[in-house]
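Engineer: Prediction below, plus the sequence it came from.
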Amino acid sequence: MQPPPIRPARSGPLRIGNASGFYGDRFDAVRDMLTGGPLDVLTGDYLAELTMLILGRARLKDPRRGYATTFLRQLEEGLGLAHERGVKIVANAGGLNPAGLAAAVRELADKVGVPVRVAHVEGDSLPVPEGFLTANAYLGGAGIAACLRAGADVVVTGRVTDAALVTGPAAAHFGWGPDDLDALAGAVVAGHVLECGTQATGGNYAFFGEHDVRRPGFPLAEIHADGSSVITKHEGTGGVVDIGTVTAQLLYETGGARYAGPDVTARLDTVRLTQDGPDRVRVHGVRGEAPPPTLKAGLNRLGGWRNEVVFVLTGLDIEAKARLVREQFEDALDRGGRRPAEVRWELARTDRPDAPTEETASALLRLVVRDQDAATVGRAVSGAAVELALGSYPGFHVTAPPGKGAPYGVFEALYVPAGDVPHIAVLPDGARETVPPAPVTRVPDDLADAPELPEPLEPGPTRSAPLGRVAGARSGDKGGDANVGVWVRTDDAWRWLAHELTVERFRELLPETARLTVVRHVLPHLRALNFTVRGLLGEGVAAQARFDPQAKAVGEWLRSRCLPIPEALLRAHESAAEAGTAAGTEPAPAPAGANEPAPAPEVTA
């Protein structure tokens, strides 16, 4: 027999809001979401691959920690506001120590005099292999649902999937079981849209110039019993919710048509988006399949030590200056007998000829070194750089004094049988409920049901122009891989993009990917292509292997690259852009507090 569902504070769909997309997000978002309009559940996503490494290092210093302390500070006011409004709070801020955070929340509740029932989810922590700091499996939302069904007001978790923060409350509210695959898949899609906060409401948006996105509000989803939803935001908040912003977030850090998770495999190729009014996008038609038999697990370890020096090269003879300092520095390393295992140079030609300012006349030569030994990247490197100060190229200076080096991390993913990972809901009364793995599983096959491409656009005159004149993009990281989603806004543009932006063309436009494995996925209902670039980020974000270690701007780099684009598409896009610019010549007033400085983030991940 299914336990009774949680009772929402209000009738109608379940309204789930988000107040954090990462550890360090806007501090006052919890208050804003609780006071800005009706909600039933408020979620917060505090974890990322890099965050787990940061929390692991914090736990080394104090075993009682390992959780996101910012969440506690937000609850000093948020607990009372949520209690007054009947809003449940669900967050993965527990990190490596959900039990510790749950205890701290109870202590805080006693201190501020708010009667709340606190529960937590654990079991994600795996045996940590020698040499690693953390090892955690990604759990689903069933443990969260069990806690809410038992009457919890606040649920904190460790490493669950980001979407679990939505699937758990929705399953508890509607009484879904593990066989309600389509409903669960719809909630997964809604959860994925919400998980990165204001990226769904105009933040980091390719066509940002069409809207006032100076201070976008945080998103919320109105979840219905069949799993469909409406993505929106509180009335009067900044930013925008439209098909474009939702599409961009749907493509973010996903891969193929099958988005596999511990609750369900959501078919992204079945997602339909419909504008449902101003700042309202309806998400419907999502199909679900049984989840895979394994859970993804993330392992973090310290990979060694790194140091960085950025030399500023100004004016004439940039290439010769770069060559001189490189030869001098390499010679100093060889003479010192302590050469780092990895020495990498990159010259960024940010200079321009006959520049009106010194900064615009300057290029940046970036040196990055890595080694297992801290001393080898520390004094040996900083000393070699400093000693060149009066004996190198004219105008020698660096952007910052060389330091002693810092540790870097490495993320590794592996997959473990779901039945080998305990999933425990620790209920408000302290009882421990074991959540069984999915009774039916299925290994995802992205090669199955490959969609047909649309008919090609009729031939016509073309003009060389940046891809971004007709297409949006958003990119991100998954371990050492980069994901680049590209979408267009009309059927004609889709007929062109689907045939033009092949893997070969993608590699041609982004030469850094030429020797890497690139996989293209087609999502016709979204008029989108999703590219996975294997190994672009080396050992992951914590290793900082490239200039943009999380691939955040790879999509914008792609949009800036030129290729032959049909004149008809360019004219249509330019007309639409002019209309949008005209409509936005006098931006709407900034929301209250837009000009107030936000508190400094404690940790940025």
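Structural biologist: Sure, I can see it. All values reported here derive from a predicted model rather than from experimental measurement.
Engineer: Could you check how far stretch 192-207 is from the centre of its chain?
Structural biologist: 10 Å (C-alpha atoms, centre = their mean, to the nearest Å).
Engineer: could you point out where this structure is predicted with low confidence?
Structural biologist: Scanning the chain for pLDDT under 70 picks out 1-11, 446-449, 577-605.
Engineer: try 80 this time
Structural biologist: 1-11, 446-450, 539-546, 575-605 (pLDDT under 80).
Engineer: Most remote residue from the middle of it, which is it?
Structural biologist: Distance from the C-alpha centroid of the chain, by C-alpha atoms, centre = their mean, peaks at G391 (44.6 Å).
Engineer: State the distance from T201 to H211.
Structural biologist: Distance, T201 to H211, by C-beta to C-beta, to the nearest Å: 9 Å. Any C-beta I mention is one placed from the backbone N, CA and C, and that applies to glycine too.
Engineer: Quick check: neighbours shared by those two?
Structural biologist: G239, V240 (C-beta atoms under 8 Å, 6 or more residues apart in numbering).
Engineer: Compare those two (neighbour count), which wins?
Structural biologist: Counting neighbours by other C-beta atoms under 10 Å for T201 and for H211 shows that T201 has the greater number, 28 against 22.
Engineer: related to what we said a few turns ago, which phi and psi does the closest residue to the residue farthest from the centre of the chain other than its chain neighbours have?
Structural biologist: Leaving aside its sequence neighbours, G391 sits nearest to Q328 (C-beta to C-beta, 6 or more residues apart in numbering; 7.7 Å). Here is the backbone geometry of Q328 (degrees, to the nearest 10): phi -70, psi -40.
Engineer: same check, this time on A482
Structural biologist: With angles defined as degrees, to the nearest 10, A482 sits at phi -110, psi 150.
Engineer: Okay, the spatially most central residue of the chain and F218: tell me how far apart.
Structural biologist: Nearest to the geometric centre of the chain sits C196, at 5.9 Å (C-alpha atoms, centre = their mean). From C196 across to F218, the span is 10 Å (C-beta to C-beta).
Engineer: next one: A471
Structural biologist: 27 Å.
Engineer: Helices along the stretch 251-400 of the chain, start to end?
Structural biologist: 318-336, 374-377, 379-386 (DSSP state H, counting those that start in this stretch).
Engineer: among the ones you listed, which is nearest G256?
Structural biologist: Smallest distance to G256 across these (C-beta to C-beta): 38.8 Å, for helix 374-377.
Engineer: Would you pull up how far the closest one lies from the middle of the chain?
Structural biologist: In terms of C-alpha atoms, centre = their mean, the centre of helix 374-377 is found 32 Å from the chain centre.
Engineer: Same question for stretch 493-507.
Structural biologist: With C-alpha atoms, centre = their mean as the basis, stretch 493-507 stands 25 Å off its chain's centre.
Engineer: so who does D124 touch?
Structural biologist: Going by C-beta under 8 Å, 6+ apart, D124 touches N136, A137, Y138, L139, T157, G158, R159, V160, V421, H423.
Engineer: For L133, which non-adjacent residue is closest in space?
Structural biologist: Leaving aside its chain neighbours, L133 sits nearest to G56 (3.6 Å; criterion: C-beta to C-beta, 6+ apart).
Engineer: OK, contacts around the one you found?
Structural biologist: The contact partners of G56, taken as C-beta under 8 Å, 6+ apart, are G66, L96, L133, T134, N300.
Engineer: Secondary structure of it: a helix, I assume?
Structural biologist: Yes - assigned with DSSP: H, G, I helix; E, B strand; the rest coil, G56 falls within a helix.
Engineer: Thanks a lot, catch you later.
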